[in-house]
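Chemist: Have a look at this prediction, sequence included:
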Amino acid sequence: MFDTIVQKEDQKREVPRVFNNGNGELEYTSALALETAELYNKVKRVITPSEWKVHAPYISEINRLKKEKGAIILAHNYITPEIFHCVADFTGDSLQLAQLASETDSKIIVQAGVHFMAETSKILSPEKTILIPDLNAGCSLAASITANDVRLLHKKYPGIPIVTYVNTSAEVKAESDICCTSSNALTIVESLESDTVLMIPDQYLARNIAKQTKKKILTWQGTCEVHERFTPDDVLKLRKKWSGVIVLAHPECTPDVVTEADFTGSTGAMSNYVQDKKPEKVLLMTECSMSDNLSVENPGVEFVRLCNSCPYMKLISLQNILTCLQTMTHEVTIDPSIAARARLAVERMLAVKNK
């Protein structure tokens, strides 16, 4: 076991912290075990000793290299715990991360998340180098609509404001009137003078907001492939199996699932709920890594697992984060004219929030 390995080592002996085994791989050494012991103690509830021996060399080298280069790492709530808790400088939801990145002095930002999140960081920090470890880390929801689709919607519904979820590409944001997040969508809709609003691209977020406002909400047929898989029957079965479980649903879930939940909110709102309320048992109807990450921070809470994993988030790994820092790839760029219009849509949203 890890603890036994650490206790048996001579802490005074000079051993390379991380070294190459000759096959291009980083190795787990006795010195590295000592160096990363505190980090492992934090995540040992969700990462086994065997897994840690694989992760630790990369974690150590990433943390060394990002300090050397003056880089920071942003990790979304859906990123795996060895990244979220051991190498990330900022964690949270996509817009929050982009805002935090814009406030730092660091000129190099590594986005441990999907592509639209990296674009949002670039929109708010155009002068900084934004890197994403894997260009294939996309999003089924963001891919459901294009900039041309939005232009056609403007023609079909002239005068109707288009509220665009931040989970979209920069090109789509640029064609929109204003952006929203899952936490402020209702506030944004209510702030508009029009009695009719078009919300894109998530149809379930739009339908859930429609139940809370007198405004007419037009929708687009986009969905998140993680959240659309949850069903009301899932909730009912787990309530029978786990008496007293508190169910938290993301607003990208279907309205039927939201109706069965005890609380509905963004990833940030769900995180705050768990940390503030400390429920005895909780079920998160969202991406499964979030339960792992919250369980690290809330050891007294039992997390009932109904795991739907995002295949795009899982493309981000310690290995490609390290490569990203070593090679400064892949840089996310946006046409300046598109970025400026996209930024305007985001700034309109932030102005409403500030009011």
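Modeler: Thanks, I have it. Numbering: from 1, shown residues only.
Chemist: This structure: strands as residue ranges?
Modeler: 71-76, 90-92, 108-112, 129-131, 162-165, 178-180, 196-200, 216-219, 246-249, 263-264, 281-285, 302-304 (DSSP state E).
Chemist: how deep is the nearest residue to residue 198 once chain neighbours are set aside tucked in, by neighbour count?
Modeler: Sequence neighbours aside, residue 218 is the residue nearest to residue 198 in space, at 4.3 Å (criterion: C-beta to C-beta, 6 or more residues apart in numbering). (Glycine included, C-beta is placed from N, CA and C.) Residue 218: 17 surrounding residues under other C-beta atoms under 10 Å.
Chemist: pretty sure residue 218 contacts residue 162?
Modeler: No. The pair residue 218 / residue 162 is not scored as a contact, 9.1 Å apart, by C-beta atoms under 8 Å.
Chemist: Overlap of the contact sets of the two?
Modeler: Among the neighbours of residue 218, those also in contact with residue 162 (C-beta atoms under 8 Å, 6 or more residues apart in numbering) are residue 198.
Chemist: Which residue would you name as the spatial centre of the protein?
Modeler: For the chain, the residue nearest the mean C-alpha position is residue 76 (2.8 Å; C-alpha atoms, centre = their mean).
Chemist: circling back: in a markdown table: the strands of the chain, plus mean pLDDT and distance to residue 186.
Modeler: Output for the strands of the chain, formatted as a markdown table (pLDDT from 0 to 100; distance: least, C-beta to C-beta, whole Å):
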| stretch | mean pLDDT | distance to residue 186 |
| --- | --- | --- |
| strand 71-76 | 98 | 23 |
| strand 90-92 | 97 | 20 |
| strand 108-112 | 98 | 28 |
| strand 129-131 | 98 | 30 |
| strand 162-165 | 98 | 11 |
| strand 178-180 | 98 | 9 |
| strand 196-200 | 98 | 11 |
| strand 216-219 | 98 | 11 |
| strand 246-249 | 98 | 15 |
| strand 263-264 | 98 | 11 |
| strand 281-285 | 97 | 19 |
| strand 302-304 | 97 | 28 |
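Chemist: Now distance to residue 234 too, for those, in JSON lines please.
Modeler: Output for those, formatted as JSON lines (distance: least, C-beta to C-beta, whole Å):
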{"stretch": "strand 71-76", "distance to residue 234": "23"}
{"stretch": "strand 90-92", "distance to residue 234": "26"}
{"stretch": "strand 108-112", "distance to residue 234": "28"}
{"stretch": "strand 129-131", "distance to residue 234": "37"}
{"stretch": "strand 162-165", "distance to residue 234": "24"}
{"stretch": "strand 178-180", "distance to residue 234": "27"}
{"stretch": "strand 196-200", "distance to residue 234": "25"}
{"stretch": "strand 216-219", "distance to residue 234": "23"}
{"stretch": "strand 246-249", "distance to residue 234": "9"}
{"stretch": "strand 263-264", "distance to residue 234": "15"}
{"stretch": "strand 281-285", "distance to residue 234": "8"}
{"stretch": "strand 302-304", "distance to residue 234": "11"}
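Chemist: between these, which one is nearest to residue 63?
Modeler: Across those, residue 63 has its closest neighbour in strand 71-76 (9.2 Å, C-beta to C-beta).
Chemist: before we move on, back to that, which one, of the strands of the chain, ends up nearest to residue 332?
Modeler: Residue 332 sits nearest to strand 129-131 of all the strands of the chain, at 4.5 Å, using C-beta to C-beta.
Chemist: Give me the packing partners of the closest one, helices and strands only.
Modeler: In terms of contacts (3 or more C-beta pairs under 8 Å, 6 or more residues apart in numbering; DSSP states H and E), strand 129-131 is packed against strand 108-112, helix 115-124.
Chemist: who wins for proximity to residue 282 among these?
Modeler: For the helices and strands packed on strand 129-131, the distance to residue 282 is smallest for strand 108-112, at 24.5 Å, taking C-beta to C-beta.
Chemist: okay, the angle between that closest one and strand 71-76?
Modeler: Interaxial angle of strand 108-112 relative to strand 71-76 (axes from the mean of the first three to the mean of the last three C-alpha atoms, to 10 degrees): 20 degrees.
Chemist: quick one, strand 108-112 and helix 115-124 angle?
Modeler: Following the same axes, to 10 degrees, one obtains 150 degrees for the angle between strand 108-112 and helix 115-124.
Chemist: rewinding a little: which of the helices and strands packed on strand 129-131 sits closest to residue 167?
Modeler: Relative to residue 167, the nearest member of these by C-beta to C-beta is helix 115-124, separated by 6.0 Å.
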